[in-house]
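Q: sequence and predicted structure, then a few things I'm wondering about:
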Amino acid sequence: MQPQLIRDLEALLGPKAVLSAPEDLMLYEYDGSVELGSPRCIVFPTAASEVAGIVRLANQHQTPIVGRGAGTGLSGGAIARSGGIVVAFSRMNRILEIDAENLRAVVQPGVVNLDLSRAVDHLGLYFAPDPSSQKSCTIGGNVSENSGGPHTLAYGVTANHVTGLELVLTDGEIVRIGGKTIETSGYDLCGLFVGSEGTLALVTEITVRLMRKPEAVKTLLAVYDTLDDTTETVVEITARAITPAACEMLDGFTLRAVEDYVHAGFPKDCAAVLLIEVEGLTEAAEAQAAEITEVCRLHRAREVRAARNNEERNLLWRGRKEAFGAMGRISPMYYVQDGVIPRTRLPETLRRIDEISRKYDLQIGNIFHAGDGNLHPLILFDERDREQFARVVAAGGEIMRHCVEVGGALTGEHGIGMEKNELMPLIFTPDDIALMERVRAAFNPAGRLNPGKVLPMGKACGEIRVPPTPASAANSK
Amino acid sequence: MSQPAQASFARLLDIVGSANAVTDAAGIAPHEVCGVNPAVVVSPADATQVAEILRFAGTEKLAVIPTGGCSKLGIGSPPARYDVALDLSRMNRILSYDPQDLTLGVEPGVRIEDLLRTLAEQKQFLPLAVPFSDRATIGGIVAANSSSPLRHGYGAARDFCLGMEFVTGEGKQAKSGGRVVKNVTGYDLHKLLIGSLGTLAVITRVNFRTFPMAQAQGTFVASFPDAESAFSFCRAIAQSVLTPQMLEVADPVSADFLLSTQAPERIAVQQWAVIVSAAGHPSVVDRSARELDRLAGPNKFGELIHLKQWESFALTRIREFPRLVLEAAPDAAIFRIGVLPAGMPSLFKDLSEIAKVYNLELATLTRASGIMFAAFFPQAWSKAPSPVTAALVKGVFHICALPQNCSQPMLEWCPPQLKRMGVDSWGSRRDDFPLMRRVKNSFDPKNILAPGRFAGGI
């Protein structure tokens, strides 16, 4: 006979909305990170009222509760670290309203990021945050993690595009914050809840801003023979105050792996490429493209190529967005980081990563949002080699420390989750963390909502967590 | 200040030094908040002193309100208690500025004018074109979430503020965010401080991303006979490929007040005026002019005006709208209303009807991105004492709550006596009020920071 919790959940949601068989639990014990954690059950609500009912049952049974979108997160945000109920929002996947005149959409949390842009494409609109996982990640997940993407360089992360939320609080109350208007009086609660990684409330409805597609988009590929020339180009683009819509960098190692898989047209013999996009009025895009080309040439780009049509553009972006997937072809596992540095420190930072890679005898690929200094070093490893994995963790920690030393941050878009929560003291003082704990306790007093995330638990202080058993396979994120 | 509090006065002087404390009436007067005066004004030198003052205030249960240029202390509800004005104007250093990285860290007492001058040397700026610009400080601008017409192109403080350092009501120094342009490390507590009117923490450092000045800029004015055609023009711009940095709609009273009567040489606006700024490469400005002329269509009066030599005059007038209204009509009531583009014409119509009922003049200035400023004042800009009544305020809150208007107003400015009669600048309590209370208790459990000044009596 099923335990009482499962029976209560089945009574609330129906038996088809509750999974608790071991083989089902296994599918929900990981996300896009290297973490693992097995829930007691997974539930699939279809409405906020059901979510409220689940929260009340979790309280009755004193069970942790963890929200989950598509499970593409890269910091373990959706993993049931302390067991409990995983609330999977995949059945709350309706676009409730498209208000083109006011440039808003109201969506349920399970709506896939790219599906919203597709649904408003015929109106000439799109949803700006574009994580690489946008074909599968959900807007609810984007809200939790405050996700970014290549084009956040010009348009900001998810928080800049959310005006209102419907929340289910830990006592089961359903409440709305913000609204459709760009501002409401009172504290900016949306500013707090977006990016709170599911630790303050469960989000059941999201009002987002839509943006109008630009008249012109120009996508440039600049090819380099040295890494330094590539990073110096990025520094100068920033210093000249040119603001491209995206400025992505792929190093030679990464682009060769990508090229073998995607055939995007990256030259396999180069040290690195920059993928730069400018957009806006035709006049603006042309002027910016000309200036960027000049800067690239000044820094010895051996070639600056413009995508001639949409197919070429899409292919270049496929090369960028499917790069993580391509890595899975050449290594059984990778560990991706998300540190941020001031953009002026890019050249020295890439040299440092290279040193670290030699020091620990590890292959590290670099593919990242160069324009806003958001690094994504990919450390390749084989999970069967425990000694190697220890080196991976040490190297990751060293890269992270470097980011902090040069005035940067632990995460630009992936979130802290359960991966970096013990690193928080590198950035924040005990008083900073105590205040964050207090805010968390104000909304999540029993600590049942996504426990063990964001804030340190006080164990292994200052270390990246070493998962007991790494997840079994890298997949495309 | 009560008798026991008098004894604590000496301790405050110890912290800041007697040269940096003021108790005389003339020194205190500028720090008045809605008719309530503090007993002492203390000017700390740094965050450590701020923390010491707040720890002491917590022990003695002294109520503290942070101040800077004292230009926006009239916003919010009258404080329930107010013992100490924490004047941050000595904390006026630019702590870091990396023009190559386009990032900046400043103390709260830096005046926006001074900061913009420093940034201009590097051909950069912050899109904070805010009122009271000769006095306003960064701390006050952020704490009051001052509205800037440049929000249209660059977003609001919440979008380009990267992080803050602050001192909580318990006298603990804390921070959130950081100094890099992209960062999701920890809770974004600093976003809560934007618009908090000093009720959560005292801001001691604000980090921003800066913006490059455009190569060229052009400001254009189109006149329209009625609200519908003026707002339609804005919607046409929003549906077009244009990306203006500013898009403002002035009703006939505001258009005349802002652009015509005061102008050294009349800018030929008639009735409704839509003011648009385009910035970027010179070819972008030229193209924008052509597109705007086309989009304004046959409904507009006359030609699209390119302001040229009057550009800076017009931009200053628009930026200073609330201040100019208050100078002309000190007892005006000015609402700040979040409104969707589609709801703007009907909201204006409803507000005009209310003005008629109460025999008041109405002047509105609308940021097309979604904020309407609505000023009610005596006919013909008379300086007659407060004709604005509690009934009018209630009426405005009521119509703003109508579904077609779908907006969240705040009565930003009104005569203090109106507030003392019980008019609540924040309107009725909303569903999310208990959540705000939880936030307040986390930051300021002893309730010593600007008690009573915020929504719902926070």
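A: Cool, the structure landed. Numbers count the residues shown, from 1 in each chain, chains lettered A, B, ... in the order given.
Q: burial of residue 249, as a residue count?
A: Defaulting to chain A. 29 (other CB atoms under 10 Å in any protein chain shown). In this view, the C-beta of every residue, glycine as well, is placed from N, C-alpha and C.
Q: to clarify, I was referring to chain B.
A: 26.
Q: just list whatever residues bridge to it.
A: Each beta-bridge partner of residue B:249 is listed here, defined by DSSP bridges: residue B:274, residue B:366.
Q: do the same with residue B:94
A: Assessed by DSSP bridges, residue B:94 has beta-bridge partners residue B:106.
Q: again, but for residue A:333
A: With DSSP bridges as the rule, residue A:333 is bridged to residue A:381.
Q: for residue A:206, same thing?
A: Applying DSSP bridges to residue A:206 gives these bridge partners: residue A:107, residue A:165.
Q: again with the one 10 residues further on
A: For residue A:216, the beta-bridge partners are residue A:280 (DSSP bridges).
Q: check contacts around residue A:359.
A: Neighbouring residues of residue A:359 by CB atoms under 8 Å, 6 or more residues apart in numbering or on different chains: A:395, A:398.
Q: wait, residue A:255
A: Contacts of residue A:255 by CB under 8 Å, 6+ apart are A:266, A:268, A:270, A:272, A:273, A:319, A:367.
Q: can you check residue A:215 too?
A: Contacts of residue A:215 (CB under 8 Å, 6+ apart): A:280, A:281, A:282, A:285, B:241.
Q: look up how far residue B:233 lies from residue B:298.
A: 12 Å (CB to CB, to the nearest Å).
Q: just want to know which of those two has more residues nearby.
A: residue B:233 (24 against 5).
Q: can the helix or strand where the more buried one lies be said to contact chain A?
A: If you go by DSSP states H and E, residue B:233 is part of helix B:227-238. Yes. Helix B:227-238 is in contact with chain A by CB under 8 Å from any CB of the partner chain, via B:235, B:238.
Q: residue B:166 should be in a strand, yeah?
A: Yes. Note on residue B:166: a strand contains this position according to DSSP: H, G, I helix; E, B strand; the rest coil.
Q: quick check: closest non-adjacent residue to it.
A: Once flanking residues are discounted, residue B:166 sits nearest to residue B:201: 3.9 Å by CB to CB, 6 or more residues apart in numbering or on different chains.
Q: the one you found and residue B:352, how far apart?
A: Distance from residue B:201 to residue B:352, by CB to CB: 40 Å.
Q: next up, phi/psi of residue A:273, please.
A: phi -130, psi 150 (degrees, to the nearest 10).
Q: got TSV for the contacts of residue A:255, with secondary structure too?
A: Formatted as TSV, these follow (three-state DSSP):
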residue	secondary structure
A:266	coil
A:268	coil
A:270	coil
A:272	strand
A:273	strand
A:319	helix
A:367	strand
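Q: what about those, which one has the most neighbours?
A: For the contacts of residue A:255, neighbours were counted using other CB under 10 Å, and residue A:273 has the most, 30 neighbours in all.
Q: got the residues of the stretch 1-150 of chain A near chain B?
A: Counting by CB under 8 Å from any CB, the residues of the stretch 1-150 of chain A near chain B are A:99, A:101, A:102, A:103, A:104, A:124, A:145, A:146, A:148.
Q: how far does the helix holding residue B:233 sit from the chain's center?
A: How far helix B:227-238 lies from its chain's middle: 25 Å, per CA atoms, centre = their mean, to the nearest Å.
Q: which helices and strands does that helix pack with?
A: strand B:216-224, strand B:246-250, strand B:272-280, helix B:282-296, helix B:344-357 (3 or more CB pairs under 8 Å, 6 or more residues apart in numbering or on different chains; DSSP states H and E).
Q: phi, psi for the closest residue to residue B:147 other than its chain neighbours please.
A: In space, and not counting its chain neighbours, residue B:147 is closest to residue B:371: 5.7 Å by CB to CB, 6+ apart. Backbone torsions of residue B:371, given as degrees, to the nearest 10, read phi -130, psi 130.
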